[in-house]
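Peer 1: After the sequence you'll find the predicted model.
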Amino acid sequence: MATGPLGALSHDELGVIFDGLADPLQPVVAVALSSTCLGLRTPLRAALEVLQQQHMKTQAFIKKMDISCADMRLAEKLKWGRDAEASPECTVEDMATLGMILRTCGLPRLQSLELYSHGFGDAGVISLCEGLGDSSAPSLRLLNLSNNDFGPAGAEALAAALGRGALPKLKDVRFATTGLGRSGLAALSPALRALPGLKRLNLFNCAICDEAVALLAANLGKDDFKALQELILDGNQLTDMGCATLASALDQAGLPALKDMSISNNSFGEEVPIALVDAAARRGIKVFPCMEGDSDEDDYELYGDDSGDDE
């Protein structure tokens, strides 16, 4: 039997304490709790076995990322793109491991997460988002999941996680070259609209049609996209009708902070429809040609630094 104050706690109460200490990147604290007396080893045995399995998965994951547990726990930026066939691939199982780390508050300082060109699809995004809540990635500003072949199912999982309060400080969202389409944007739009600090949204080449952009921009409330400064919609399927929806949103004082819009290579032809050009001009908004490329350092500094944004 355990003695002292810990011995007076029920198994459920001990489990709550253990779960609060159980960090797959730093399991030593939770293990130390179970070692304080013999009476705690039996009730915590199952939890210790789970933590051991989580730690083993975490070790395999960080080996792929070529980083130590200690360095990863303190990391502010994690960037893992698959730029060549020889590069290690981020799999669905890896995404599940990362999600588990985020659920257990293992990355409290993380501000930038870039996982692009792996092709883990809907299953990877679902695995990442499963169980994420209001304590998950509390400092994250930049999320880049571009070129990973996810669509509506992954979008629904991410929207649900955002709805539970995960990733509350997102400022820069990059979903370029994905299969979001109308259904994916329908799932994501309410959650994206409500993000109070979102400054940049990259939806390059996401199969977005006129109906999809209407879900994104029509009937905007005063708090919808209130901080958005840059919107990238190049390489989609917008016609004059979709541009008219955007123009109407601008004329009705929607997107109040918008400064830059990129909307080339859509279905309206080579010239941006004059209605949108005029509406943007009335608001002092710049309409750019294709902005597919991202300048990582400059963008991170602009959209990752939240100094003064909460005033």
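Peer 2: All right, it came through fine.

Peer 1: For Gln59, give me its contacts.
Peer 2: Contacts for Gln59 (C-beta atoms under 8 Å, 6 or more residues apart in numbering) come out as Cys69. Backbone N, C-alpha and C define where each C-beta goes, glycine included.

Peer 1: For the protein, just list every one of the helices.
Peer 2: 4-7, 11-21, 28-34, 38-41, 45-65, 69-73, 92-103, 121-129, 152-163, 181-194, 210-217, 240-251, 274-283, 296-304 (DSSP state H).

Peer 1: show me where pLDDT drops low in the protein?
Peer 2: The chain contains residues with pLDDT under 70 at 1-22, 27-44, 84-86, 289-311.

Peer 1: how is it carved up into domains?
Peer 2: Domain segmentation of the chain under automatic domain parsing yields 1-74, 76-304.

Peer 1: for the ones you listed, which one ends up most surrounded?
Peer 2: Most buried of the domains of the chain, by mean neighbour count (mean count of other C-beta atoms under 10 Å): domain 76-304, with a mean of 19.

Peer 1: centre of the chain versus that domain, how much separation?
Peer 2: Computed by C-alpha atoms, centre = their mean, to the nearest Å, the chain-centroid distance of domain 76-304 equals 9 Å.

Peer 1: okay but Leu110 is in contact with Ser136, surely?
Peer 2: No: using C-beta atoms under 8 Å, Leu110 is not in contact with Ser136, being 10.3 Å away.

Peer 1: can you pull the contacts of Cys105?
Peer 2: Applying C-beta under 8 Å, 6+ apart, the residues contacting Cys105 are 23, 135-136, 138.

Peer 1: which one among the residues you listed gets closest to Met95?
Peer 2: Ser136 (13.9 Å; C-beta to C-beta).

Peer 1: quick one, what contacts the nearest residue to that closest one once chain neighbours are set aside?
Peer 2: Residue nearest to Ser136 in three dimensions, not counting chain neighbours: Ala166, with 4.3 Å by C-beta to C-beta, 6 or more residues apart in numbering. Ala166 makes contact with 102, 129, 132-134, 136-137 under the criterion C-beta under 8 Å, 6+ apart.

Peer 1: hmm, 10 Å instead?
Peer 2: Neighbour list for Ala166: 102-103, 129, 131-138, 140, 158, 160, 191 [criterion: C-beta atoms under 10 Å, 6 or more residues apart in numbering].

Peer 1: Redo the helices of the chain as JSON lines? Include distance to Leu203.
Peer 2: Formatted as JSON lines, the helices of the chain follow (distance: least, C-beta to C-beta, whole Å):
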{"stretch": "helix 4-7", "distance to Leu203": "52"}
{"stretch": "helix 11-21", "distance to Leu203": "37"}
{"stretch": "helix 28-34", "distance to Leu203": "41"}
{"stretch": "helix 38-41", "distance to Leu203": "51"}
{"stretch": "helix 45-65", "distance to Leu203": "27"}
{"stretch": "helix 69-73", "distance to Leu203": "30"}
{"stretch": "helix 92-103", "distance to Leu203": "21"}
{"stretch": "helix 121-129", "distance to Leu203": "15"}
{"stretch": "helix 152-163", "distance to Leu203": "11"}
{"stretch": "helix 181-194", "distance to Leu203": "8"}
{"stretch": "helix 210-217", "distance to Leu203": "8"}
{"stretch": "helix 240-251", "distance to Leu203": "12"}
{"stretch": "helix 274-283", "distance to Leu203": "16"}
{"stretch": "helix 296-304", "distance to Leu203": "15"}
